[in-house]
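In: Curious how this folds, go ahead:
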Amino acid sequence: MRIGTRKSTMALAQTEEIARRLSAAKPDLDVEIVKFETVGDSDQTGKLLTHGGKGGAFVAEIRAAVRAGKLHAAMHSLKDMPGNEDTPGLLIGATLARDPPTDALVLRQGLSIEEFKRSQGKGFKIGTNAVRRAAYARRLFPDIEVIHFRGAADTRVRKLDRREMQRLPGGGEAGPADALIMARSGLQRVGLAGRIACDFSPLEMLPAVGQGIVAVECAAADWQTRQYLSLIDDVSAHLSCDAEREVLWVLNGHCNSPIAGYSVIEGTQMTLTASVLDETGGQFIEASRSGPAERPRELGRAVGLELLQKGAAEIIARTRPAP
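Out: Model (predicted):
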């Protein structure tokens, strides 16, 4: 089985975990990892929006190889997969058990969390490329300065410690950053969990849809590959995947929309919470519902429709790029 993935340290770690699990479940299966340098990896300064969002930057090239029959499957971080568009001929054949979905604060070496807490972020420059994280950060710490900051997880931390200025998409520079907001799961994957100064709880910063979930996509008509992938599929993570992505579908969000969504399963019940913010963090709406875990899309649809009733469409429309 040929599995496509990005060349980044984190993507390779995730794909190697998939290969290990497939080999354990099917010892006679030959698994080959095929590395891609996507446009999002080669352009480390531009806004992802210029490449069609995360889908165009990190997903499209590998998906095309699956459609062309060059790959049996593709590894994606679920949060990078667009949820507001059809993917004809493809489906998610497996999801791995969810890693911690929360966001974390990483401070530049020499700075302390006590100093950050005392100042409530005033005078700090926090780097992120995620509009959701930027919106929540401005909501939590109104006096911080958020700067555009891109790169693979380990690269970002190196840039932070070296106090590198960041080139801005429209020209000029910003920085250096004093701190970064990053996914805890990504830091763990690249061996940098020790750099986490503090975690943001879901109440403080609701995770991105699918954050912490590794997805394996394959051709819908490739029944053999689907059978193999079913051997490593985590049912709870797949249910959460379906519920949270249904919210994106209902909202028709885009890569510049600060949309968050996170589900928790307890027994046979699932609780799903989702939110929409404007980019300043000033306008904020949230919806939360519970229902049978075995009907995740119905729950996601109900939460998405409630957000629309509360005015989500207007917020999303203001963040949509001009044609």
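In: CA only for contacts and neighbour counts going forward, please
Out: Will do.
In: can you list the domain ranges for this protein.
Out: 1-96+213-233, 103-200, 235-323 (automatic domain parsing).
In: Pipe those into a markdown table and attach distance to Pro207 and mean neighbour count per row.
Out: Putting these into a markdown table (distance: least, Cα to Cα, whole Å; neighbours: other Cα atoms under 10 Å) gives the following:
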| stretch | distance to Pro207 | mean neighbour count |
| --- | --- | --- |
| domain 1-96+213-233 | 10 | 19 |
| domain 103-200 | 7 | 18 |
| domain 235-323 | 6 | 20 |
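In: nearest to Leu206, of those domains?
Out: domain 235-323 (5.8 Å; Cα to Cα).
In: The domains of the chain: lowest mean pLDDT?
Out: Mean pLDDT values for the domains of the chain show the minimum at domain 1-96+213-233, a mean of 85.
In: and that one, how far apart are its ends?
Out: End-to-end distance for domain 1-96+213-233, by Cα to Cα, to the nearest Å: 16 Å.
In: mind checking how far it is from the chain centre?
Out: 14 Å (Cα atoms, centre = their mean, to the nearest Å).
In: Check stretch 237-252 too.
Out: 13 Å.
In: same thing with stretch 309-323?
Out: 20 Å.
In: and what of stretch 199-214?
Out: Distance of stretch 199-214 from the chain centroid (Cα atoms, centre = their mean) equals 9 Å.
In: Pull the residues that contact that stretch.
Out: If you take Cα atoms under 8 Å, 6 or more residues apart in numbering as the criterion, stretch 199-214 is touched by 14, 75-79, 95-105, 132-133, 136, 140, 183-186, 237, 240-241, 244-245, 248, 259-262, 274-275.
In: Among those, which are located in helices?
Out: 14, 132-133, 136, 140, 184-186, 237, 240-241, 244-245, 248 (DSSP state H).
In: one step back: may I see the domains of the chain organised as TSV, with distance to Leu206 added?
Out: Below are these laid out as TSV (distance: least, Cα to Cα, whole Å):
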stretch	distance to Leu206
domain 1-96+213-233	13
domain 103-200	8
domain 235-323	6
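In: contacting residues for Ala60?
Out: Under the criterion of Cα under 8 Å, 6+ apart, Ala60 has no contact partners.
In: Helix, strand or coil: sort out it for me.
Out: Following DSSP: H, G, I helix; E, B strand; the rest coil, we place Ala60 in the helix state.
In: Relative to Val66, how far out is it?
Out: In terms of Cα to Cα, Ala60 sits 10 Å off from Val66.
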